[in-house]
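Engineer: Quick one: sequence plus predicted model below, questions after.
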Amino acid sequence: MPAVPSLTRPSPQRKALLTKRIRWLVVATISYNVIEAIVALTEGTRASSTALIGFGLDSIIEVSSAAAVAWQFSARNPEAREKAALRIIAFSFFALALYVSVDSVRSLLGIGVARHSPIGIALAAASLAIMPTLSWTQRSTARELGSASALADSKQTLLCTYLSAVLLVGLLLNAALGWSWADPIAAFVIAAIAVREGINAWRGDPCCAIPAAPGAEAAAARDCDCCP
């Protein structure tokens with residue numbers, strides 16, 4: 001049976017260290033995603049790639065998600081701002097899904113057929129290599145700290161890993177086989193994942209934060225898909 005994480009709250013010293021780590025992770029997330037968004041949106045516009053544009057918009061959403069966490073942890077009492085931070089993250093996911101879905105329909109109707117994009121392929125491959133490690137670090141820190149918003153932000157980063165894989169497959173199929181329809185189909189997958197994560201962010205996934213006391217809550221934590 002997988003090990004169940006510790007159910008004790010971190011000490012004040014440990015909590016301060018974890019909070020500082022969250023802030024540094026926020027800086028790293030924002031910095032990388034700003035670059036990612038610029039490259040993806042510029043190349044997506046040039047290549048008429050809905051999937052690349054959706055990927056770039058997701059990068060912007062990751063920036064807003066990380067900024068929401070930074071705003072929360074800039075307060076003396078971060079818990080008081082947690083619900084608002086989760087709402088910001090959730091709405092960002094939903095906005096991404098709506099835009100990408102509409103643009104994918106336009107592409108499938110023949111409006112703006114996607115062209116080959118070597119730059120997009122390189123960007124997707126780079127993100128596929130970088131994002132899993134960043135997400136894992138965010139997630140482990142958030143769970144130990146017991147922060148639902150930081151956990152939601154880590155899942156946003158993990159979403160970028162999934163999106164990178166979907167984007168890479170779509171762009172490779174278009175480049176190798178000329179399947180331009182693979183691009184909007186990949187974008188639809190991006191939209192579906194975004195809706196799911198938006199719902200999770202809205203709910204807050206409270207079972208994945210460390211509970212205040214053992215017992216029934218500990219048993220529930222074993223069933224969380226984000227727990228070990």
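Structural biologist: That came through, no problem.
Engineer: Any figure for the gap between Lys155 and Ala142?
Structural biologist: Distance, Lys155 to Ala142, using C-beta to C-beta, to the nearest Å: 9 Å. From N, CA and C alone the C-beta is placed, and that goes for glycine too.
Engineer: the more surrounded of these two?
Structural biologist: Ala142 (27 against 24; other C-beta atoms under 10 Å).
Engineer: wait, doesn't Leu173 sit right on Ser180?
Structural biologist: No - in this structure, Leu173 is not within contact of Ser180 by C-beta atoms under 8 Å, at 9.2 Å.
Engineer: the more surrounded of these two?
Structural biologist: Taking other C-beta under 10 Å, Leu173 and Ser180 do not tie; Ser180 has more neighbours (20 against 17).
Engineer: Does the more buried one belong to a helix, a strand or coil?
Structural biologist: Three-state assignment for Ser180 (DSSP: H, G, I helix; E, B strand; the rest coil): coil.
Engineer: cool, and Arg9?
Structural biologist: The assignment at Arg9 comes out as coil when based on three-state DSSP.
Engineer: separation between the residue lying closest to Thr161 once chain neighbours are set aside and Arg106?
Structural biologist: Counting by C-beta to C-beta, 6 or more residues apart in numbering, Thr161 lies nearest to Met131, which is 4.3 Å off, once chain neighbours are set aside. For Met131, the distance to Arg106 (C-beta to C-beta) stands at 28 Å.
Engineer: and if you look at Gly170?
Structural biologist: With C-beta to C-beta as the criterion, Gly170 and Arg106 are 16 Å apart.
Engineer: more neighbours, the two?
Structural biologist: Gly170 (30 against 13).
Engineer: The chain: helices as residue ranges?
Structural biologist: Here the chain has its helices, by DSSP state H, at 12-47, 50-73, 82-108, 118-145, 148-177, 182-203, 216-221.
Engineer: So which elements touch the fifth one?
Structural biologist: Contacts of helix 148-177 with other secondary structure elements, assessed using 3 or more C-beta pairs under 8 Å, 6 or more residues apart in numbering; DSSP states H and E, are made with helix 12-47, helix 50-73, helix 82-108, helix 118-145, helix 182-203.
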